[in-house]
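> what's the 3D shape of this:
(chains A and B)
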Amino acid sequence: MTTTLTTRTTALSTRTPSVTAKWRSALLYASVAAVVACCLAPFYWMLVSSLRRTSDIFDTSLVPSPVSFENYRAVFDPAQGFGRALLNSLVVAGVTTVLALVLATFTAYAMARLEFRGKRLILTLVIATSMFPVVSIVVPLLKLFTDVGWINTYQAMIVPSMSFALPLAVWNLTTFFRQMPDELEHAAMVDGCTRGQAFRKVIIPLAAPGIFTTAIITFIAAWNEFLIALSMTNKPDMQTAPVAISKFTGATTYETPFGSQMAAGVLVTVPLVVMVLLFQRRIVAGLTAGAAK
Amino acid sequence: MTKTEIPPAVTEGRRPGEPVTRRRLTAKPARATAGSGRMAALLVSPTLLVLSIVVIYPTLMALKESLYGPKGLDPATGFISDTEPFVALKNYADIFGEAGERFWNAFWNTTFFTVVTVGLETVIGVAMALIMHKAFRGRGFVRAGILIPWAVPTAISGLLWRWIFNSDGVANALIGHQILWTTEGFHAKVAVIIAEVWKTAPFIGLLVLAGLQVIPKEVYEAARLDGARPPRQFWHITLPLVKPALLVAVLFRCMDALRMFDLPYILVGAQKHSVETLSMLAQNEASNVRFGPASAYAVLLFLYVFLIALAFVRLLGADLVGEGAARRRRRKTERRRMEVTA
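Next up, the predicted model:
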């Protein structure tokens, strides 16, 4: 990071009216590198710290020496219950995503394709829900779930998660459906399909990339959820991974086990990072479709 | 991945030269209006049902709950009650009395975080977008890079920054000066702001970049011919044209910042005066089974978020639903169709 910054400042100081196109592009790429470095540096630090030995965890060198997997072994120590937490996260985020997608596909299709009364109102409502402060639904639901004995269950985490996953999915899919030309299903209907058949045989297969993108975005949002999972569980074996990691305890009571927290953090983040790297084009399309139209 | 073939029937139907268009247009209107209303109701109702259960019902419950006090000793009768007593607006009145200090502190923290983080994110995000817009090579790599802070769970980034801001951590090593970032005080606020801006500025950058990419090149060409220098081009062309995208992005970020929870909760801790937000306050009260006050805080936060969103839409004209444009477009195509049939 420091090297790119120095390149940037030297480039700036040599900038005179006679500056060449070459210098200009060097400056540009230096700034791009600086942006990327700023985004990646903290993540890199997490990776590096996770690979240090406990004894040199406070080392500030840029590469761990020697590389040690001690922290990763500590994470999977049965006492931490991290494997179980990962499974919980997978169940909660997975079920939330699937439920939200199924409901949202129907709704988004109606929003994008059909004319009906109250459409604008419904769309406004859906967006309004996605901006809702989660805590104002967690508090009453926490009381309700306490009364019906749902605390420490998957459904107590999945149901409130729908409050942000469903609007997100509806919103995303609506923009995807809108981008598809109307003519497709009209043509299918001319050929004797009903609307339902046209939807099933034409729209769904064509919308598959959009549905897939929405699934990734919804999954990432559900996987990253913290407040609901924190409030709805008090037993360690029902906690999702982010909650479990934040509650890791070290060998002694007074120190935070930063090494194993970083290792667990890497493990929780890596699937998402891989998804981002593989599908960055689609994710960007999905994220910007709603906001930038 | 998934097969995205068009079934043969469709391609056949669209063969050019066939008079399908005429047939479709005359047949459609009557069937569509009668059928589509019922169909829409069928398709939309499951979502509405779920949202009513997970959003509208809890909101109403929170409103009701905020009017009730805690179980326990009833001061009037001296008996222990099993039900929660109705206390009317006492929970709200307390905010201006005994519980007021904590509430207003949380309120100002929330507001401060929102204003500062969204302000910084917008400036940095726009700068990032301008840089990325100019770069042609390695765009995919850059995009993947700036998506990573977004993909890291907020809770994990809270831990990550807690580690960076640790007393023996790398932040202090870099500045060569010992600051106890994650203890009470203004520096704790700074730590939260840095972590939040790191996570979300690239995201704003991404949205603005998408907005920049739809601006036609000719506009700049014309401006250059008229002798406008880059700063002027930025103020008079770029900014007005990305304004709709930027406004929506800023609105969503504001809403997100107003409900900030994970980051201060993990980075600094629960019940820390200098970083406690309204969400943290409400969650803390609820987890201590004081549902009445917790609901009152939640309701107030909800109203605050609602008012800010309303102000955005009214004052700045953020076109949230995107329906304005879509509807106009649709009306135009409809008119064209009518002409064709006529």
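> look at the residue most central in space within chain B and give its secondary structure.
Central residue of chain B (Cα atoms, centre = their mean): B:Phe252, 2.9 Å from the mean position. Recorded secondary structure, B:Phe252: helix (DSSP: H, G, I helix; E, B strand; the rest coil).
> gap between it and B:Trp161?
B:Phe252 is 22 Å from B:Trp161, where distance means Cβ to Cβ, to the nearest Å. To be clear about C-beta, it is placed using only N, CA and C from the backbone, and glycine gets the same treatment.
> residue ranges in the chain under the pLDDT threshold?
Defaulting to chain A. A:1-19, A:250-255, A:290-293 (pLDDT under 70).
> sorry, should have said chain B
Checking chain B against pLDDT under 70 turns up B:1-35, B:71-83, B:99, B:136, B:317-342.
> can you pull the contacts of B:Val190?
Contacts for B:Val190 (Cβ atoms under 8 Å, 6 or more residues apart in numbering or on different chains) come out as B:Trp181.
> in chain B, which spans are strands?
B:72-73, B:80-81 (DSSP state E).
> thinking again about what came up before, thought A:Met131 was touching the residue nearest to the centre of chain B, still the case?
Yes - using Cβ atoms under 8 Å, B:Phe252 is in contact with A:Met131, at 7.1 Å.
> okay, and the residue nearest the centre of chain A sits in which element?
The structure's chain A has its C-alpha centroid closest to A:Ile220; by Cα atoms, centre = their mean the separation is 2.5 Å. Using DSSP states H and E, the element containing A:Ile220 is helix A:204-223.
> do the next helix or strand after that helix and chain B come into contact?
Using DSSP H and E, the helix or strand that follows helix A:204-223 towards the C-terminus is helix A:227-232. Yes - Helix A:227-232 is in contact with chain B by Cβ under 8 Å from any Cβ of the partner chain, via A:Leu227, A:Leu230, A:Ser231.
> give me the residues contacting stretch B:161-178.
A:42, A:45-46, A:49, A:58, A:60, A:256, A:258, A:261-262, B:179-182, B:191, B:194-195, B:198, B:263, B:266-267.
> ok, back up a step: for the helix holding A:Ile220, packing partners?
Under the contact definition 3 or more Cβ pairs under 8 Å, 6 or more residues apart in numbering or on different chains; DSSP states H and E, helix A:204-223 sits against helix A:82-113, helix A:154-179, helix A:258-292.
> count the neighbours of A:Thr245 for me.
Just to correct that, residue A:245 is Ile rather than Thr. Applying other Cβ atoms under 10 Å in any protein chain shown, we find 27 residues neighbouring A:Ile245.
> residue contacts, it?
The contact partners of A:Ile245, taken as Cβ under 8 Å, 6+ apart, are A:Phe82, A:Ala85, A:Gln261, A:Ala264, A:Gly265, A:Val268, B:Ala155, B:Ile156, B:Leu159.
> please list all residues in contact with the fifth one.
What it means is A:Gly265. Counting by Cβ under 8 Å, 6+ apart, A:Gly265 makes contact with A:Met46, A:Ser50, A:Ile245, B:Val152, B:Ile156, B:Leu159, B:Leu160.
> of all these, which two lie farthest apart?
The span of these, defined through Cβ to Cβ, is set by A:Ser50 and B:Val152 at 13.5 Å.
> re earlier: now, among the residues of helix A:227-232 next to chain B, which is nearest to A:Lys119?
Using Cβ to Cβ, A:Leu227 is the member of these that lies nearest A:Lys119, at 31.5 Å.
> contacting residues for that closest one?
A:Leu227 neighbours (Cβ under 8 Å, 6+ apart): A:Val134, A:Val135, A:Val138, B:Phe261, B:Asp262, B:Ser279, B:Gln283.
> now do the third one against A:Gly83, distance only.
Using Cβ to Cβ, A:Val138 is found at 27 Å from A:Gly83.
> more neighbours, the two?
The residue with more neighbours, out of A:Val138 and A:Gly83, is A:Val138; 28 against 13, by other Cβ under 10 Å.
> can you show me the helices along the stretch 151-300 of chain B?
Assigned by DSSP state H, counting those that start in this stretch, the stretch 151-300 of chain B shows helices spanning B:154-164, B:170-175, B:186-213, B:217-225, B:230-233, B:239-258, B:262-267, B:278-287, B:291-311.
> which residues touch A:Val139?
B:Pro58, B:Ala62, B:Glu65, B:Ala282, B:Gln283, B:Glu285, B:Ala286, B:Phe291, B:Ala294, B:Ser295, B:Ala298.
> next, format these as TSV and append neighbour count and distance to B:Gly227.
Below are those laid out as TSV (neighbours: other Cβ atoms under 10 Å in any protein chain shown; distance: Cβ to Cβ, whole Å):
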residue	neighbour count	distance to B:Gly227
B:Pro58	27	59
B:Ala62	26	59
B:Glu65	24	64
B:Ala282	29	56
B:Gln283	25	57
B:Glu285	22	61
B:Ala286	25	61
B:Phe291	26	65
B:Ala294	29	61
B:Ser295	27	61
B:Ala298	32	56
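> of the residues you listed, list those near chain A.
By Cβ under 8 Å from any Cβ, the members of those lying near chain A are B:Pro58, B:Ala62, B:Glu65, B:Ala282, B:Gln283, B:Glu285, B:Ala286, B:Phe291, B:Ala294, B:Ser295, B:Ala298.
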